[in-house]
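# Following is a predicted model, sequence given first.
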Amino acid sequence: EAAVTQSPRSKVAVTGGKVTLSCHQTNNHDYMYWYRQDTGHGLRLIHYSYVADSTEKGDIPDGYKASRPSQENFSLILELASLSQTAVYFCASSGRDWLSQNTLYFGAGTRLSVL
Amino acid sequence: TQTVSQSDAHVTVFEGDSVELRCNYSYGGSIYLSWYIQHHGRGLQFLLKYYSGNPVVQGVNGFEAEFSKSDSSFHLRKASVHWSDSAVYFCAASIGSSSFSKLVFGQGTSLSVVP
């Protein structure tokens, strides 16, 4: 079954530390996304990628980096974690054409707590 | 700026009742609208979408939504809810005819179904 798998499912990090969140998809999708979910704010797009070795900024990229080493894998990197980055992070994938881009397949999420 | 608004943060109904979850958007052109469901501790799952044609679209598990251009709305409905429908529901919108289609999510509506 095609899927989007995130790891870890939860993480506790210290302020100023480096955090890497990983995402792997078996949907054979071109597009991958990282979203952040905060209570009462819905989902906000951090970074996305439409091809390996290339990433694009979303709406809230500050404090985050992304890496797409292959079509299947997409990582979100917090070089210097801060308290304000405590949130649930979702990875998603979608197809290439316009209509397919708008149907996202999500992972189960990573709950990040920065202390 | 394109926005999506879900006016109800929480809705509580009894099992077997009908329910309508409201979604309004602000954009005057061609638009893609969708609904996603998020069960507790899980990722978002696609429910249904509208882009053109019949304004009433059917989704999984008895859900349907109706597009209204005059009201700028895309409300989600179900005739008879089950306790398993308890979840958070997100409305999302994307502007048409773009090389990259970014989904903008509403704040979410938490539906509680009382057995």
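Nice, I can see it. Numbers count the residues shown, from 1 in each chain, chains lettered A, B, ... in the order given.
# Low-confidence regions, chain A specifically.
A:1-2, A:40 (pLDDT under 70).
# Quick check, central residue of it?
For chain A, A:W34 is the residue whose C-alpha lies nearest the centre (CA atoms, centre = their mean; 2.5 Å).
# what packs against the helix or strand encompassing it?
Here A:W34 is covered by strand A:31-38, with elements defined by DSSP states H and E. Here strand A:31-38 touches strand A:19-25, strand A:42-51, strand A:73-78, strand A:87-94, going by 3 or more CB pairs under 8 Å, 6 or more residues apart in numbering or on different chains; DSSP states H and E. The way it works is simple: take the backbone N, C-alpha and C, and place the C-beta from them, glycine included.
# And for residue 47, the neighbour number?
No chain in the question, so chain A it is. The number of residues packed around A:H47, counting by other CB atoms under 10 Å in any protein chain shown, is 24.
# Oops, wrong one, chain B.
Summarising burial for B:L47: neighbours were counted as other CB under 10 Å, giving 20.
# Tell me who's in contact with it.
Residues near B:L47 by CB atoms under 8 Å, 6 or more residues apart in numbering or on different chains: B:S34, B:W35, B:Y36, B:I37, B:G59, B:V60, B:F63, B:L76, B:Y89.
# and chain A, which residues reach chain B?
Counting by CB under 8 Å from any CB of the partner chain, the positions of chain A adjacent to chain B are A:4, A:40-45, A:48, A:50, A:56, A:58-59, A:90, A:92, A:98-99, A:101-109.
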